[in-house]
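[1] Got a predicted structure plus its sequence, pasted below:
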Amino acid sequence: MYGTLMRSASAWKLLEPLVAGHEGSCVLPGTLYDTGRGYPAYRPGEGPGVPAELVRLRDPATALPVLDDYEGEEYRRVRCTVGGTSCWVYVWTPPVTGMSLLPHGWLGRLRGAWG
């Protein structure tokens with residue numbers, strides 16, 4: 001996770017009961033943008049990389065529909081590999097035109113680490 005579902009962010013309370021374990025920090029390949037709506041937009045591929053956290057879900061069959069509902073229609077859940085581990089990540093599907101880059105990630109934005 002790279003945005004509002006991270007342990008220090010606003011929606012962690014939704015994810016926390018679904019998590020069996022925290023696998024550590026990682027960097028997703030790609031770019032993170034500020035939507036201006038209180039949550040970020042992730043686009044995989046080339047870019048500075050996106051600070052994220054990898055978690056193991058207690059019951060993916062139950063948890064993934066909850067997370068899909070939370071993420072909504074602007075995101076698509078896709079498989080990716082991070083450090084040899086296969087995982088799910090939510091990718092922003094609308095255009096990112098005019099959105100600011102978040103080179104230090106979502107929590108970096110909240111803590112004022114970029115400027």
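    Structure received. The structure displayed is predicted, hence computed values, not measured ones. Numbers count the residues shown, from 1 in each chain.

[2] Tell me where this protein has strands.
    Along the chain, the stretches classed as strands by DSSP state E are 19-28, 30-34, 40-44, 50-57, 75-82, 85-92, 100-101.

[3] want to try TSV for these, with mean pLDDT as columns?
    Output for the strands of the chain, formatted as TSV (pLDDT from 0 to 100):
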stretch	mean pLDDT
strand 19-28	92
strand 30-34	96
strand 40-44	96
strand 50-57	94
strand 75-82	94
strand 85-92	95
strand 100-101	94
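
[4] and those as a markdown table, adding distance to Leu64 and mean neighbour count?
    Yep, even glycine has a C-beta here, placed from its N, CA and C like the rest. Output for the strands of the chain, formatted as a markdown table (distance: least, Cβ to Cβ, whole Å; neighbours: other Cβ atoms under 10 Å):
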| stretch | distance to Leu64 | mean neighbour count |
| --- | --- | --- |
| strand 19-28 | 13 | 14 |
| strand 30-34 | 21 | 21 |
| strand 40-44 | 17 | 20 |
| strand 50-57 | 7 | 19 |
| strand 75-82 | 7 | 13 |
| strand 85-92 | 7 | 17 |
| strand 100-101 | 29 | 13 |
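
[5] Quick check: which of these is nearest to Met6?
    Nearest of those to Met6, taken as Cβ to Cβ: strand 50-57 at 5.5 Å.

[6] Are there helices or strands packed against the closest one, and which ones?
    For strand 50-57, the packing partners by 3 or more Cβ pairs under 8 Å, 6 or more residues apart in numbering; DSSP states H and E come out as strand 19-28, strand 30-34, strand 85-92, helix 105-110.
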